[in-house]
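Student: here is a sequence with its predicted model. Questions after.
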Amino acid sequence: MLRKIASIILAVLMLLPSTVLFTYAYEPDFQTITFEGGEALRFPEDVPTVPAEKKEASVPGRRLLKSISPADTPYTFYSQLTSDVQREIYNEVVAAHGGLDAVTNDSSSAAAEIIITKDDGSWDFTDQAGLDALAQNAFNCIVPALSAVGEDRPEFFWIGAYGANFSYKQRGNKFQGVLTLKIELNTEAYANWGVIRNYYNSLLDSVASFKVTGNNRYQKVKSIHDTICSMVEYDPNYNNSNMNPTAHEPVSVFNSPFLAVCEGYAEAFKLICDREAIPCITIVGLGNGGGHKWNYVKMDDGNWYGMDVTWDDQSYTFYDYFLAGSSSLDAYFGNNTFSGSHQPTGQAYDSDFSLTYPTLSTVSYVSALPNLNTKSTFDAVNGFMYISKNATLNSQFASSSDYTISYSGNTTGGSVTINNTNSGTKKYTVVRWGDVNADNAVNRNGDYNKMKNVVSGTDSLADGSANFRAADFDGDGAVDAFDMYYMDMYLNGNIDR
């Protein structure tokens, strides 16, 4: 009898695990929730009108960096995300390289699916109401996360349209929510993910090989600004996707036909600044009332300044929107303030979520506008103005109603005093590249020989002086054989300043 009872108990115990599994495998009948999603906003331009005599027919109008000083501290939109779910989505999208690593077939044009779960128990649920609540919270977090990814990481240029669903899987004696984020492909521009991958790799190569010159932040920022203006034109057919469907993306700046709109300009500019460890962000909003995108740049004084490469790229390279303050006036586009023509909204998607931006400096980085296509550059922190060997000093500034300029001397060691109604009076010491002996001529007999004597130790230049800076071509704080090499190239016309 005892043996019979033991056999029955053993049989029950053997059946119990499969009974439990059977119960959990078939008991739930939860509904997977689908979210149709949305699409990133595109920005057609309200391009400012340039004076008729200067207008051409073809022109219509991270890697997070280590902070070493306030001027070098980057601004990331990731830091604005307010929930673990938002940050989880952001991190998973970045880890998947914007969906590229989630694609198993490059010839496919289907949406890339990024699977996101939370193993800390916060996505566990036991009934349909729990699943519904988790799904709604996850869906609400997608736009903030994608907005931050898109602005922090413009190299993921294809991220725009998206969809999502929220399902579940078994987790012990409960169930765990699973978000599937679907990054849609713009097939008008890119036939499949293989094309995207080729553009992506090409973009990284282009950014890595982009030539930036200059010895200080202003000179480097100006180099990036001027080079982009020289290599790309504003696309007059931006609203016709069949003409140039990549115009809204940074790849348009680096690939034929080299036609872009504001998004392409601004995102390419940020990518180069990121490479140079210059804090830079993209701004979405309204430009003269129309959808627009531009940049803010943090300069070496720790302040943020406005930068609109798109509007500066006209029949000439303008500087009306170059390191501008909110109250600084443009010279060629109607004498408007930067904040009057550029109004940030922070809405990268058609939703209520808005990105937050740093406060823009009231005044511009330099208290006067450089003239068209000028070679002059500035170190506003230390108070120096650099001009090229053949420059006429009084032609280096654009005239404007908000400042007056006076000059003392016209070459290395001279000075320029600018009285600006917004920023007050500022004085800059002049440095004419190569004019080491400050005689208003750049030649071998005087300046090159002076440098040779400094290098040999038979002569000297006061560290940090205008004369020293005129000789320190590579900006490394020493006058040496490398600078003599650059001086030789400069005299021969092989490099420019």
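Tutor: Done, it's in.
Student: which helix or strand contains the residue most central in space within the chain?
Tutor: Residue closest to the average C-alpha location in the chain (CA atoms, centre = their mean): residue 270, at 2.3 Å. Element membership for residue 270, per DSSP states H and E: helix 262-275.
Student: name the next helix or strand downstream of that helix, please.
Tutor: strand 280-287.
Student: please point out which parts of that following strand sit buried.
Tutor: By 16 or more other CB atoms under 10 Å, the buried positions in strand 280-287 come out as 280, 281, 282, 283, 284, 285, 287. To be clear about C-beta, it is placed using only N, CA and C from the backbone, and glycine gets the same treatment.
Student: surely the last one touches residue 263?
Tutor: What it means is residue 287. No - with contacts counted by CB atoms under 8 Å, residue 287 stays clear of residue 263, the gap being 11.8 Å.
Student: before we move on, the earlier item: quick one: pLDDT of the residue nearest to the centre of the chain?
Tutor: Looking at residue 270, its pLDDT is 98.
Student: contact partners for it?
Tutor: Applying CB atoms under 8 Å, 6 or more residues apart in numbering, one finds that residue 270 lies in contact with 154, 280, 281, 282, 295.
Student: can you name the residues bridging to residue 175?
Tutor: Bridge pairing for residue 175 (DSSP bridges) gives the partners residue 125, residue 170.
Student: which of the buried residues of strand 280-287 lies closest to residue 230?
Tutor: Within the buried residues of strand 280-287, proximity to residue 230 (CB to CB) peaks at residue 280, which comes in at 19.3 Å.
Student: and that closest one, what does it touch?
Tutor: Counting by CB under 8 Å, 6+ apart, the residues that residue 280 touches are 269, 270, 273, 274, 295, 296, 297, 298, 307.
Student: next, count neighbours for residue 478.
Tutor: 14 (other CB atoms under 10 Å).
Student: go on, residue 109?
Tutor: Neighbours of residue 109 using other CB under 10 Å come to 16.
Student: was I right about it contacting residue 188?
Tutor: No - using CB under 8 Å as the test, residue 109 is too far from residue 188 to be in contact (11.0 Å).
Student: name the element residue 129 belongs to?
Tutor: helix 128-152.
Student: and that helix with helix 262-275, angle?
Tutor: Here the directions of helix 128-152 and helix 262-275 differ by 80 degrees (axes from the mean of the first three to the mean of the last three CA atoms, to 10 degrees).
Student: quick one: mean pLDDT for helix 128-152?
Tutor: Helix 128-152 comes out with an average pLDDT of 96.
Student: could you give the angle of that helix to strand 280-287?
Tutor: For helix 128-152 against strand 280-287, the angle by the same axes, to 10 degrees is 100 degrees.
Student: counting contacts, what elements does helix 128-152 pack onto?
Tutor: In terms of contacts (3 or more CB pairs under 8 Å, 6 or more residues apart in numbering; DSSP states H and E), helix 128-152 is packed against strand 33-38, helix 84-95, strand 124-125, strand 162-171, strand 174-183, strand 280-287.
Student: I'd like the ones you listed as a markdown table, with mean pLDDT and distance to residue 453 appended.
Tutor: Below are the helices and strands packed on helix 128-152 laid out as a markdown table (pLDDT from 0 to 100; distance: least, CB to CB, whole Å):
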| stretch | mean pLDDT | distance to residue 453 |
| --- | --- | --- |
| strand 33-38 | 74 | 67 |
| helix 84-95 | 97 | 54 |
| strand 124-125 | 94 | 78 |
| strand 162-171 | 92 | 65 |
| strand 174-183 | 95 | 63 |
| strand 280-287 | 97 | 41 |
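Student: so which of these gets nearest residue 230?
Tutor: Of those, nearest to residue 230 by CB to CB is strand 280-287, at 19.3 Å.
Student: right, and the helix or strand after the closest one?
Tutor: Per DSSP H and E, the first helix or strand lying C-terminal to strand 280-287 is strand 290-298.
Student: what's the offset of that next one from the middle of its chain?
Tutor: 9 Å (CA atoms, centre = their mean, to the nearest Å).
Student: got the buried residues for that strand?
Tutor: By neighbour count with 16+ other CB under 10 Å, strand 290-298 contains the buried residues 291, 292, 293, 294, 295, 296, 297, 298.
Student: mind giving me the packing neighbours of the helix or strand that that strand is followed by?
Tutor: Using DSSP H and E, the helix or strand that directly follows strand 290-298 along the chain is strand 304-307. Applying 3+ CB pairs under 8 Å, 6+ apart, we find strand 304-307 packed against strand 290-298, strand 322-324.
Student: can you list the strands that the last one pairs with?
Tutor: When sheet partners are counted by DSSP bridges, strand 322-324 sits next to strand 304-307 (antiparallel).
Student: and the helix or strand that comes right after the strand it pairs with, what other elements does it pack with?
Tutor: Sequence-wise, the next helix or strand downstream of strand 304-307 (DSSP H and E) is helix 309-312. Identification of packing neighbours for helix 309-312 by 3+ CB pairs under 8 Å, 6+ apart yields helix 217-231, helix 262-275, strand 290-298.
Student: and the angle for the shortest one with helix 262-275?
Tutor: To tie it back to what came earlier, the one meant is strand 290-298. Here the directions of strand 290-298 and helix 262-275 differ by 10 degrees (the same axes, to 10 degrees).
Student: what strands flank strand 290-298, and is each parallel or antiparallel?
Tutor: Short version: by DSSP bridges, strand 290-298 pairs with strand 280-287 (antiparallel), strand 304-307 (antiparallel).
Student: mind putting those in JSON lines, distance to residue 74 included?
Tutor: Shown next, in JSON lines, are these (distance: least, CB to CB, whole Å):
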{"stretch": "strand 280-287", "distance to residue 74": "8"}
{"stretch": "strand 304-307", "distance to residue 74": "12"}
